[in-house]
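S.K.: Sequence and computational prediction follow.
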Amino acid sequence: MFIAALLPLGLFLFPLWKITLEAPQYPIPLGMYIHINDFSDVHPHDIKNINLMNHYVGMKYIPEAIPEFEIFPIGIIVTTIIGLLIAFKGNYKWFLFWFILMIVLSSAGLYDFYLWEHDYGHDLDPKAIMKFTNPDGSVMGFQPPLFGSKDILNFRAHSYPRLGALFLALGITASFIAYLIGKKNNKKIPS
Amino acid sequence: MKTFLKSTFALLSILVAFTSCNNASKSNSGALSSSAAEKVYVAPGEHDEFYAFISGGFSGQLSVYGLPSGRLFKVIPVFSQDAEKAYGYNEETKPMLNTSHGFVPWDDSHHPDISQTNGEIDGRWVFINGNNTPRIAKIDLSTFETTEIIEVPNSAGNHSSSFVTENSEYVVAGTRFSIPIPQKDMPIKDYKGNFKGSLSFISIDPEHGHMDIKFQLIMPGFDYDLSHPGRGKSHGWFFFTTYNTEEASTLMEVNASQNDKDFIAAVNWKKIEAYVNNGGGTMMPTRYAHNVYDEATHSATSTIKKEVRVVNPLDVPGAVYFLPTPKSPHGCDVDPSGEYIVGNGKLSANLTVHSFTKMLDAIENNKVAGDAYGIPILNFEDVLAGVVEQPGLGPLHTEFDGKGNAYTTFFISSEVVKWKLGTWEVVDRQACYYSVGHLMIPGGNSQKPFGKYVVAMNKITKDRYLPTGPEVTQSAQLYDISGEKMELLLDFPTVGEPHYAAGCPADLIKPRSKKLFKLEDNKHPYATLSEADTKVVRDGKTVHVYMTTIRSHFAPDNIEGVKVGDKVYFHITNLEQDYDVPHGVSMIGANTSELLIMPGQTETFLWEPKQVGVWPFYCTDFCSALHQEMQGYVRVSPANSNTPLKWSLGEDIE
């Protein structure tokens, strides 16, 4: 459980997610890492160049900072402290509580990410230089996929978790394993 | 004499005719096999194995080709204004073409040579000489731009230049036309004994490549035609061919062709360097320009220097010797080991090769045959390594493959001849179309040539391509030299008139090639690093426009308050930070060229509005999907009007 509580701290070292945009005129694709507290370029100036591309269809600039960059790190630190307290306290039932807590918070985080992506891809400037419509006549959105790959006009967008997300997932899994082991050991000791 | 000349030419014509027949029969027998096409085919999207930097001669520029494909990638402006790139037109690069004679917008670019480390080419810089108004330029191979030009004083016809020593200690420039040094008003007929030739040793700063004339050797008034550095065992020496040892000043084609032997001047520059480092030589008043382009400010500055250190060869005994070499030698080529010095006697039937070891031996044993103006002349037989007997007609230049073979061009018999160093036997000959001048093997002027291809640069083109009126392109030919026999692979057209080239494996340069200039490193005094900082400032009748470009607009794009008679400087910063997204700009009626501004760069053009009205400007490089919309207006009011200075983007100006 001790390990489980510490693993999510990997999010401070490694990016959580990566979005890659491929197009014929970008033999080296544009890319952006999403960290727990920051967006960053895969290659120098990628975000600036993604913004430049996206302004043609009226998408907003990728912000320098979003509130989540404040909240998420606090969330991770708080849950780590809770996890450590639980690890020291040593009651395996609490391991399950931490496991569920982390699942809920991570799902909330992913949902928040989806909402931001949706807004980013759909809240377009009405004076956009180029306006595209879907076959049904509705305004075309440019939301990148949450997970997986998708064609958006001349770009092919890929969105996949990175090492930071793996650390989080491992931490969560480890807490569940810790719970199972704890449960098993508990049964062996006659009460 | 006339009869001698007549009979020589008669003999030459017969031999030319004979050789031509030979050539025809060779090409008919299928010299161009189908595999030649495969050998030069570089599939779409793939890269060539070598860069070739081919001089432009009377174009004044340097062109960049890929080998083996023969594809042209870039023409780097060096000594001539280039409206396409605004070189010599924009305010930043005008100082590059400054000289002691003022702004000289053209030169005759000749002999490119790549910098070296430990006797091998290192791919950092190319140096090239301007022949007419003597200058040496340095091109930085991270940007493929000319970043420095130094004028060479006391020189005329800067031809035995710009060859680099094996650790890039010096780039050397020799004078072809001797002149009065210092210049003075005197009768031309008093040439003999009074005119001098200078050999300039220009030091290269190991880190930045900055050039500085360390010393000039003031030599007798011969024509110093070509040169090459010693290498390996002969490192520390430099060799120069001479002609016109007759010291004629008129009807040179006859009067400078009388002596049976001219000289190769062997200069022990290490000895002179030590002499100079100990305070030797004298500072002579003169004037020459030193122009340096700074990558951080994207601007060049020109400084006029007032003196140069000159050395009299007689003051440094043992530093200079003359090696007798038959018949007005042209190319002066040193093999990769540094042992053999080839004198390509252009009017000689044979090819003369001197031995460095034998030369040292002759010097040590004081075997001197005489002197010319006090400079010792060694015995021809004492320094001769060997002679390639009757290899062809009109030898000009020799290159080496690093496998013991030499390749010499023959102008009159129009061929490249392969021969063996040491045995002096001719191995193979291939026709050139037509009248080849220089040839180039990548790494040719180094200890380590890459003996896979040789490029022959021909002086006459005639019927090789679709005709284009009286003026046709010059032509180069690529031969595969990896086997025992040479194989003609490709013809490709060249820019201007190539005089020599320098080649280099692409891997030495490719990884260092810059993609863009970082905006945060832009130190141009008029740089505008964000749209928020754009402005228009009036200072009397001068107006400075601080403008930016980014896809797909100028900021500002509406300007009012400019008046007839103003000098308007447009300082334009390209805010892009993406590879291959330049923006251009031009203003209607501007008496200058467009600008082509690379990402992160600032460039300036001057516009002097002469008529009242509203005048448009626009982006000249198809930058983006909205390139056609990338345009703006400047309102020009009468000189005495009160229109206030205003600028805007995306809003109405009032």
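M.R.: Structure's in. What do you need? Here the structure is a predicted model, which means the values were calculated and not measured.

S.K.: Need the contact partners of the worst-scoring helix or strand of chain A on mean pLDDT.
M.R.: Taking mean pLDDT, DSSP states H and E as the measure, the helix or strand of chain A with the lowest value is helix A:2-6, at a mean of 87. Residues outside helix A:2-6 that contact it (C-beta atoms under 8 Å, 6 or more residues apart in numbering or on different chains): A:79-80, A:82-84, A:86-87, A:95, A:98, A:171-175, A:177-178. For glycine as for every other residue, the C-beta is placed from the backbone atoms N, C-alpha and C.

S.K.: Repeat that for stretch A:118-130.
M.R.: By C-beta under 8 Å, 6+ apart, the residues outside stretch A:118-130 that reach it are A:55-60, A:62, A:139, A:141-144, B:625-626.

S.K.: Any of these buried? List them.
M.R.: Buried members of those, counted by 16 or more other C-beta atoms under 10 Å in any protein chain shown: A:55-59, A:141-144.

S.K.: Dump those residues to a markdown table, plus distance to chain B and pLDDT.
M.R.: Below are the buried ones among the contacts of stretch A:118-130 laid out as a markdown table (distance: C-beta to the nearest C-beta, whole Å; pLDDT from 0 to 100):
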| residue | distance to chain B | pLDDT |
| --- | --- | --- |
| A:His55 | 8 | 90 |
| A:Tyr56 | 7 | 91 |
| A:Val57 | 11 | 91 |
| A:Gly58 | 13 | 92 |
| A:Met59 | 14 | 93 |
| A:Gly141 | 20 | 88 |
| A:Phe142 | 15 | 91 |
| A:Gln143 | 21 | 91 |
| A:Pro144 | 20 | 89 |
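
S.K.: Now flag whichever of the residues you listed is closest to B:Lys327.
M.R.: The shortest approach to B:Lys327 among these belongs to A:Tyr56, at 68.9 Å (C-beta to C-beta).

S.K.: and the gap between the closest one and B:Val581?
M.R.: 14 Å (C-beta to C-beta, to the nearest Å).

S.K.: can you tell me how far the residue of the stretch 151-300 of chain B found nearest chain A sits from B:Glu148?
M.R.: Per C-beta to the nearest C-beta, B:Glu295 is where the stretch 151-300 of chain B lies closest to chain A, at 17.4 Å. Going from B:Glu295 to B:Glu148 by C-beta to C-beta gives 11 Å.

S.K.: Which of the two has more residues huddled nearby?
M.R.: Taking other C-beta atoms under 10 Å in any protein chain shown, B:Glu295 and B:Glu148 do not tie; B:Glu148 has more neighbours (24 against 17).

S.K.: which stretch of helix or strand covers the more buried one?
M.R.: Using DSSP states H and E, B:Glu148 maps to strand B:145-151.

S.K.: Following that strand in sequence, what is the next regular element?
M.R.: Elements were assigned by DSSP H and E; along the chain past strand B:145-151, the next helix or strand is strand B:163-164.

S.K.: Report the mean per-residue pLDDT for that following strand.
M.R.: When pLDDT is averaged over strand B:163-164, the result is 98.

S.K.: before we move on, what about stretch B:565-583?
M.R.: For stretch B:565-583, mean pLDDT rounds to 97.

S.K.: May I see the buried residues of it?
M.R.: Those would be B:566, B:568-579, B:581-583, for stretch B:565-583 by 16+ other C-beta under 10 Å.

S.K.: on that earlier part again, ok, the strand holding B:Glu148: who's next to it in the sheet?
M.R.: Applying DSSP bridges, strand B:145-151 is found paired with strand B:135-140 (antiparallel), strand B:282-294 (antiparallel).

S.K.: What does the closest residue to chain A within the stretch 1-150 of chain B show for phi and psi?
M.R.: At 8.7 Å from chain A, B:Gly45 is the closest residue in the stretch 1-150 of chain B, using C-beta to the nearest C-beta. Main-chain torsions, B:Gly45, degrees, to the nearest 10: phi 90, psi -10.

S.K.: The helix or strand harbouring B:Leu478 pairs with which strands, parallel or anti?
M.R.: Here B:Leu478 sits within strand B:474-480, counting by DSSP H and E. For strand B:474-480, the pairing partners within the sheet under DSSP bridges are strand B:453-458 (antiparallel), strand B:487-494 (antiparallel).

S.K.: quick one: which of the contacts of helix A:2-6 is nearest chain B?
M.R.: Scanning these for proximity to chain B, where the rule is C-beta to the nearest C-beta, the winner is A:Thr80, at 36.2 Å.

S.K.: from memory the residue of the stretch 151-300 of chain B closest to chain A sits against B:Phe517, does it?
M.R.: Yes: counting by C-beta atoms under 8 Å, B:Phe517 is a contact partner of B:Glu295 at 7.4 Å.

S.K.: what about the strands in the stretch 151-300 of chain B?
M.R.: B:163-164, B:170-174, B:196-204, B:211-220, B:223-229, B:237-243, B:261-268, B:282-294, B:299-311 (DSSP state E, counting those that start in this stretch).

S.K.: Same list (the ones you listed) but as TSV, adding mean neighbour count.
M.R.: Output for the strands of the stretch 151-300 of chain B, formatted as TSV (neighbours: other C-beta atoms under 10 Å in any protein chain shown):
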stretch	mean neighbour count
strand B:163-164	26
strand B:170-174	29
strand B:196-204	24
strand B:211-220	22
strand B:223-229	27
strand B:237-243	27
strand B:261-268	24
strand B:282-294	17
strand B:299-311	17
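
S.K.: for chain A, what spans make up the helices?
M.R.: Taking DSSP state H, the helices of chain A run over residues A:2-6, A:46-54, A:68-89, A:92-122, A:163-188.

S.K.: Next, the contact list for B:Leu575, please.
M.R.: The contact partners of B:Leu575, by C-beta under 8 Å, 6+ apart, come to B:519, B:529-531, B:548-550, B:600.

S.K.: Which two among those are spaced furthest apart?
M.R.: Using C-beta to C-beta, the contacts of B:Leu575 span at most 15.0 Å, a distance reached by B:Glu531 and B:Gly600.

S.K.: what residue ranges in the chain score low on pLDDT?
M.R.: No chain specified, so I'll use chain A. A:189-191 (pLDDT under 70).

S.K.: actually chain B
M.R.: Within chain B, the ranges that satisfy pLDDT under 70 run B:1-34, B:652-654.

S.K.: for chain A, what are the nearby residues on it?
M.R.: B:550-551, B:576-578, B:625-626 (C-beta under 8 Å from any C-beta of the partner chain).

S.K.: swap the cut-off to 6 Å and go again
M.R.: Within reach of chain A by C-beta under 6 Å from any C-beta of the partner chain, chain B has these residues: B:551, B:577-578.

S.K.: where's the residue nearest to B:Phe410 when sequence neighbours are not counted relative to B:Gly343, distance?
M.R.: Nearest residue to B:Phe410, sequence neighbours excluded (C-beta to C-beta, 6 or more residues apart in numbering or on different chains): B:Gly392, at 3.4 Å. Per C-beta to C-beta, B:Gly392 is found 15 Å from B:Gly343.
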